[in-house]
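**Student:** here is a sequence with its predicted model. Questions after.
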Amino acid sequence: MSHAIRFHQTGGPEVLQWEAVDLAAPAAGEARVRHHAVGLNYIDTYHRSGLYPVSLPSGIGLEGAGVVEAVGEGVTDVAVGDRVAYAGGPLGAYAEVRNMPAQCLVKLPDAIGFEQGAAMMLQGLTAQYLLRRTYRVQAGDTILIHAAAGGVGTIVCQWAKALGATVIGTVGSDEKAAVARGHGCDHPIVYTRENFAERVREITGGEGVPVVYDSIGKDTFMDSLSCLRPLGMMVLFGAASGPVPPFDCGVLARMGSLFLTRPTLFTYAAKRADLLTMAADLFEVLATGKVRIEINQRYALRDAAQAHRDLEARRTTGSTILLP
């Protein structure tokens, strides 16, 4: 009998339960993966809290790495014994072993371990589409990334710096400012004592930035818009402070014909060919050493509730993994 974290009602971290589960043989198109590590991501808290509705009872988690133990009929993308990782649905990564659609699995290069694989896929692929597809960062650009000391933030800082960009990042403390600076952030802004919109204008000589990557949502949205230069792009890819309330789209015109997008990894990686291209891009930048994945927190999988408490209290930096 294997175990998994499940929840039967939405709410705080206390709804997460460690339960014994029966696992059927992989169906057609599926592969059974024995997890060696599971990734923790902020989107997990959205599913648990009900911000992103799910059918209950439900598993939780979107990212893991492990070994293929069995495959269902018609599976050709992976084979028994393959080392694999994934980032995406269906929910249920917080498990010792699970069945996954084989088309969602990516084979891990030999140089990448299970812990790194579990820590980097969702955050790393998110950084990939943000920087290379949603707004294609070029040498000479100046960008703003919120939560610059977080999992996505530290990857974006490093990758953008490698592309030749100047990186401005917001953080919540001097300690996190040091973390961001150590990962390529040229101008960390401690938002608890500085007005980040004013600082961005100062840093850019009043011009503003061509793109803002905002995973915070409600608390930062309007000030983020004010950081953009005319024709700039607002990339809202999360809602750590809550969803952005409805607003008059005419604001975008008045602030300089701004662009606004609300992207998700699941759209960008929906086609397997795109997923493989994105993963190859991520693996390549890791191999060069220009981007490193730092796992700063490890929890036992059964202690997922505590991991959620620490994540929501902003006590974590970089990547966090759960160990079965």
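**Tutor:** Yes, it's here. Because the structure is predicted, anything quoted here is derived from the model rather than measured.

**Student:** when you work out contacts or count neighbours from here on, use the C-alpha atoms and nothing else.
**Tutor:** Will do.

**Student:** how about Pro13: what's its closest non-neighbour residue?
**Tutor:** Nearest non-adjacent residue to Pro13, counting by CA to CA, 6 or more residues apart in numbering: Ala305, 4.7 Å away.

**Student:** so who does the one you found touch?
**Tutor:** By CA atoms under 8 Å, 6 or more residues apart in numbering, the contact set of Ala305 is 13-16.

**Student:** which element follows the helix or strand containing Ala65 toward the C-terminus?
**Tutor:** Here Ala65, judged by DSSP states H and E, is contained in strand 63-71. As assigned by DSSP H and E, the chain's next helix or strand after strand 63-71 is strand 83-87.

**Student:** circling back to that earlier point, filter the contacts of Ala305 to the buried ones?
**Tutor:** 13, 15-16 (16 or more other CA atoms under 10 Å).

**Student:** list just the nearest of the residues you listed to His187.
**Tutor:** When the buried ones among the contacts of Ala305 are compared for distance to His187 (CA to CA), Pro13 wins out at 34.0 Å.

**Student:** quick one, grab the pLDDT at the closest one.
**Tutor:** pLDDT recorded at Pro13 is 98.

**Student:** and for Gly88?
**Tutor:** Here, the pLDDT recorded for Gly88 equals 88.

**Student:** got a list of what it touches?
**Tutor:** If a contact means CA under 8 Å, 6+ apart, then Gly88 has 62-63, 104, 122, 265-266 as its contacts.

**Student:** of the residues you listed - the most surrounded one?
**Tutor:** Within these, Glu63 tops the neighbour count with 29 neighbours, counted by other CA atoms under 10 Å.

**Student:** if I read this right, it contacts Tyr42, doesn't it?
**Tutor:** No: if you go by CA atoms under 8 Å, Glu63 and Tyr42 don't touch, sitting 11.6 Å apart.

**Student:** quick one on the thing from earlier: kindly confirm my reading that the residue nearest to Pro13 is in a strand.
**Tutor:** No: read with DSSP: H, G, I helix; E, B strand; the rest coil, Ala305 is helix and lies in no strand.

**Student:** from Glu312, how far out is it?
**Tutor:** Separation of Ala305 from Glu312 (CA to CA, to the nearest Å): 11 Å.

**Student:** with Val285 instead?
**Tutor:** Taken as CA to CA, the span from Val285 to Glu312 is 29 Å.

**Student:** repeat that for Glu194.
**Tutor:** Glu194 sits 22 Å away from Glu312 when distances are taken as CA to CA.
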